[in-house]
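1. the sequence and its predicted three-dimensional model are supplied below.
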Amino acid sequence: MKFVDEFRDGAIGARLASEIRAIVEPGRHYKIMEVCGGHTHTIYRYGIDDLLPANVELVHGPGCPVCVIPMGRVDDGIAIAREEGVILTCFGDMMRVPGGNGSFIDAKAKGADIRMVYSPLDALRIARENPHRQVVFFAIGFETTAPSTALTILRASAEGIRNFTVMCNHVTIVPPLRALLDSPDLRLDGFIGPGHVCTVVGAKPFEFIPAHYGRPVAVGGFEPLDFLQAVYMVLRQLAEGRCEVENQYTRVVPYDGNPQALKVLSQVFELRSHFEWRGLGFISQSALQLAPAFRDFDAEVRFAVPGVRVADPKACQCGEVLKGVIKPWECKVFGTACTPEHPIGTCMVSSEGACAAYYNFGRVARDRAVV
Amino acid sequence: MRVMSMNSQFDSAMCKAADGEVQEVMTGLILNVTEGEILLVHAGTAIARVSSMSDVQSPTA
Amino acid sequence: MTQTFADGARRGEKEREQEALDKIDLVRSRAPRFRDSQITMAHGAGGKATATLVQGLFVPAFANEVLSRLDDAGAIDVGGVRLALTTDSFVVKPLKFPGGSIGELAVNGTVNDLAVAGARPVAITISMILEEGLSADILRRETEAIARAARVAGVDIVAGDTKVVERGLADGMYICTTGLGHIDSRAKLSPASLRPGDRVLVSGRIGDHGTAIMLARGEFQLDADISSDTRSLWPLVDVILDEAGAADLRCMRDATRGGVASVLNELAVASGVAVLVNESSVPIQPAVHGACEILGIDPMYVANEGKLIAIVSPDAAERTLNAMRLVEGCDDAADIGEVRTEPAGMVLVQTSFGGRRVMDLLVGDPLPRIC
């Protein structure tokens, strides 16, 4: 893939890494949060940790859509899936997220018809092919995936498909960041902005971070060179005493976002008054629900949803991990009661979750000198 | 992914990844999609067009 | 003063982190216990859940020395003749896919389990579980496919069985097999025999079969020209045994379910060594790479049906590889990495970008990721 390979060139990566080493102050410890789960994936996929100096620490932020879904919503999804004639569809990484009483995979084993899709359009196709079944799409994700759900609903509406609904769990990125920044125990030096979210909302909504919280931001892409360059940009701002929103990912991110996508979002969705985030608690105006005009496509309207709130397990400290307050290994249940095979918190579910990543990779970080 | 052909009825296009995979992509968020251009696709929907490919370079360059 | 305090705090932190890591190692080193309340799809995926089921339930229940070695085929001595015995079941959906079909797969999968155990396939049995309503044309087609594959592999089908189950209880047809092979005198294989410095050879491009099946299911609305790699591996094994022989060939594995990653993990654990894979040397055809990238799946975990991993001594690596490449269908065979001492029991990947990451066993199936 020619134009992708350009952004995976190890030689340029090594050069960038040495530029990064040159710009950091030796005695200073830097904590930079990559907001997006996609970036976390890039870090592990390419071993980027390995290329950074030891005093530059990357903290995984709240931008993994799977990791922030509270248990109650999983249970609600399972309750819908158990209804007669329902096919519940969801993205693959949602399958293993534990609810109060098992995950979608467990519910599937107990007989619920739960299917994995790659795009909400696939869910709509299943609805078209199964006119006598009710097909529900369990929608998750930030502003990156929400437009996809919105377009699918518009298309279902245009085609007059009546057996398709969406259980909307779409969330927005700015409110949880604000919640993090307001938390008194937070220690972060800068942020890597979520490139894909920014293709939709633009880089502009992140201006409050430098303006009100005095932390630099660099919006970054997802190829390893993109990411390394974004890290460099944050460090350069810190070195030069600047504090602003910079855009590394200019080949895709317009500073003001994608107006067409924003229009579709505001047409199909409206803000929920509040939404619960796993580990972060309730955050007001942080999630989307279907606008009244699209109530017919709202699974929470069509089906009786228990809506029971399941408290996060007491021992689980996913919230503090997400905030970067504690490291995964400092959590009381880490590695004992909570493992990738039997996760308690969502940080352990997705292989990119901060805890799963540390569980799997931490020992190597320690052993790096030996290898 | 590169746009191969458009379906204006549903605002979608058949797009081809550089490695040869072909999939239907919803293009309702991108105005005036034309054949041959490159789109950033997320969960089956194009969310941005890819304008230039040259914004990664050595920082000192 | 402050300096000393900070140093002290950091040292304390290091020790506590070490404790957490040691705890993980302890949990990992324990014999797996099967404590799930029901079977989920993860138990059949060849990852951690499968290992827990096999080692936590079956091996202790059937307790015997041959089984506990967990080789692809069990070695038994009958009147001074060393035989390898294996069994397998095939439940693939769809029954026919680009590059093969269930019948061909059943024969090749069975003889390959024998081949990688160093045994020349002699005979197999075929048991069919047919679903009421299955078209006779399909059954005829698959019977011919079985006969053809058996001819190519040089085995006789010496016994069989047929059962029919009610409509809805099987996806058309399932095939169960037994394979009997004659262990070659050149083969002195053991998964516990890996030594630091040994080379890891793979017999060709990986991920073809699993990707072809995923696309053939049509769940992802993704088209690409990818065919299954199903083929008999005995001709290749014959060449490897000739070239490396008893002195230099440590072990071979058929990289089926769970892919190359799972096989290497099993070997690293069995031998108490580390395996370092050089990502840029791993042969993957561009279409597979692309499809996996779009679906967010790592091809190293994707199933193959005609690829083996051979671990050979460093001295024999080059000539063995050269010989392998002359075998039909193995032109892309490659040396993809080496065996090291530390970190014992783990597989690391040197990424093409220059960093390093851990390639652990998956819990269940590789799930497409969205974030």
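-> Great, that's in hand.

2. okay, the residue nearest the centre of chain B: pLDDT?
-> Geometric centre of chain B, nearest residue: residue B:39, 1.5 Å, by Cα atoms, centre = their mean. We have a pLDDT of 87 for residue B:39.

3. what is the helix or strand hosting residue A:231 packed up against?
-> Assigned by DSSP states H and E, residue A:231 belongs to helix A:224-240. Here helix A:224-240 touches helix A:10-23, strand A:30-36, helix A:37-46, strand A:56-63, strand A:190-194, strand A:217-220, going by 3 or more Cβ pairs under 8 Å, 6 or more residues apart in numbering or on different chains; DSSP states H and E. No exception for glycine: its C-beta is placed from N, CA and C like everyone else's.

4. which among those is found nearest to residue C:306?
-> helix A:37-46 (27.1 Å; Cβ to Cβ).

5. what about that closest one and chain B, touching?
-> No - if you take Cβ under 8 Å from any Cβ of the partner chain as the test, helix A:37-46 misses chain B, and the best it gets is 9.5 Å.

6. give the rounded mean pLDDT of that helix.
-> Mean predicted lDDT for helix A:37-46 stands at 86.

7. near the residue in the stretch 1-150 of chain A positioned nearest to chain B, how many other residues are there?
-> The stretch 1-150 of chain A approaches chain B most closely through residue A:119 (2.5 Å), counting by Cβ to the nearest Cβ. For residue A:119, the neighbour count with other Cβ atoms under 10 Å in any protein chain shown is 28.

8. list the contacts for residue C:362?
-> Residue C:362 sits next to A:351, C:45, C:47-48, C:258, C:261-262, C:301 when contact means Cβ atoms under 8 Å, 6 or more residues apart in numbering or on different chains.

9. could you pick out the buried ones from the residues you listed?
-> Among the contacts of residue C:362, the ones that count as buried by 16 or more other Cβ atoms under 10 Å in any protein chain shown are A:351, C:45, C:47-48, C:258, C:261-262, C:301.

10. from those residues, pick the one nearest residue C:20.
-> Taking these together and measuring to residue C:20 by Cβ to Cβ, the closest member is residue A:351, at 18.9 Å.

11. could you check the pLDDT of the closest one?
-> Predicted confidence (pLDDT) for residue A:351: 66.

12. now do the contacts for the closest residue to residue A:34 other than its chain neighbours.
-> Spatially, and ignoring its direct neighbours in sequence, residue A:34 is nearest to residue A:192 (4.3 Å; Cβ to Cβ, 6 or more residues apart in numbering or on different chains). By Cβ under 8 Å, 6+ apart, the contact list for residue A:192 reads A:32-36, A:39, A:217-220, A:227, A:230-231, A:234.

13. neighbours of residue A:137, how many?
-> Residue A:137, neighbours per other Cβ under 10 Å, totals 30.

14. could you check how far it is from chain C?
-> 13 Å (Cβ to the nearest Cβ, to the nearest Å).

15. confirm that residue sits in a strand?
-> Yes - counting by DSSP: H, G, I helix; E, B strand; the rest coil, residue A:137 is part of a strand.

16. quick check: phi and psi at the closest residue to residue A:155 other than its chain neighbours.
-> Spatially, and ignoring its direct neighbours in sequence, residue A:155 is nearest to residue B:10 (6.1 Å; Cβ to Cβ, 6+ apart). The phi/psi pair for residue B:10 (degrees, to the nearest 10) reads phi -110, psi 20.

17. check the spacing between residue C:71 and chain A real quick.
-> 24 Å.

18. around chain B, pick out the residues from chain C.
-> Chain C has residues C:220-225, C:286-287, C:289-291, C:293-294, C:370 near chain B, with proximity defined as Cβ under 8 Å from any Cβ.

19. recalculate using a threshold of 6 Å.
-> Contact residues (Cβ under 6 Å from any Cβ of the partner chain) of chain C with chain B: C:221-224, C:286-287, C:290-291, C:294.

20. highest neighbour count among the residues you listed?
-> residue C:291 (28 neighbours).

21. just to revisit the earlier point, could I get the contacts of residue C:362 in CSV, plus columns for secondary structure and distance to residue C:240?
-> As requested, these are exported to CSV (DSSP: H, G, I helix; E, B strand; the rest coil; distance: Cβ to Cβ, whole Å):
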residue, secondary structure, distance to residue C:240
A:351, coil, 33
C:45, coil, 28
C:47, coil, 27
C:48, helix, 29
C:258, coil, 22
C:261, helix, 21
C:262, helix, 21
C:301, helix, 24
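
22. nearest to residue C:278 among those residues?
-> residue C:261 (14.1 Å).

23. I figured the residue of the stretch 1-150 of chain A closest to chain B hits residue B:42, correct?
-> No - counting by Cβ atoms under 6 Å, residue A:119 sits too far from residue B:42 to count as a contact (8.9 Å).

24. give the contact list for residue 43.
-> Here I'm looking at chain A. Taking Cβ atoms under 6 Å, 6 or more residues apart in numbering or on different chains as the criterion, residue A:43 is in contact with residue A:49.

25. hm, I was asking about chain C
-> By Cβ under 6 Å, 6+ apart, the neighbours of residue C:43 are C:49-50, C:53.

26. number of residues surrounding residue 48?
-> Picked chain A for this. Residue A:48 has 24 nearby residues by other Cβ under 10 Å.

27. that was the other one, I meant chain B.
-> Neighbours of residue B:48 (other Cβ under 10 Å): 25.

28. show me which residues of chain A sit near chain B.
-> So far as Cβ under 6 Å from any Cβ goes, chain A lies against chain B at A:1, A:3, A:7, A:15, A:19, A:119, A:121, A:144-145, A:147-148, A:151, A:196, A:199-200, A:225-226, A:229, A:232, A:250-252, A:258, A:260-261.

29. which among those end up buried?
-> A:7, A:15, A:19, A:119, A:121, A:144-145, A:147-148, A:151, A:196, A:199-200, A:225-226, A:229, A:232, A:250-252, A:258, A:260-261.

30. inside helices: which ones of these?
-> A:15, A:19, A:121, A:147-148, A:151, A:196, A:199-200, A:225-226, A:229, A:232, A:260-261 (DSSP state H).

31. which one of those is nearest chain C?
-> residue A:121 (7.1 Å).

32. where does chain B get nearest to chain A, which residue?
-> Counting by Cβ to the nearest Cβ, chain B gets nearest chain A through residue B:44, at 2.5 Å.

33. in CSV, list the C-alpha atoms belonging to whichever strand or helix holds residue B:40.
-> Using DSSP H and E, the element containing residue B:40 is strand B:39-42. The C-alpha trace of strand B:39-42 is given here as CSV (Å, rounded to 0.1, in the frame of the first residue of the first chain):
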residue,chain,number,x,y,z
LEU,B,39,-11.2,8.7,1.1
LEU,B,40,-10.6,8.0,4.7
VAL,B,41,-13.1,5.3,5.6
HIS,B,42,-14.3,4.4,9.1
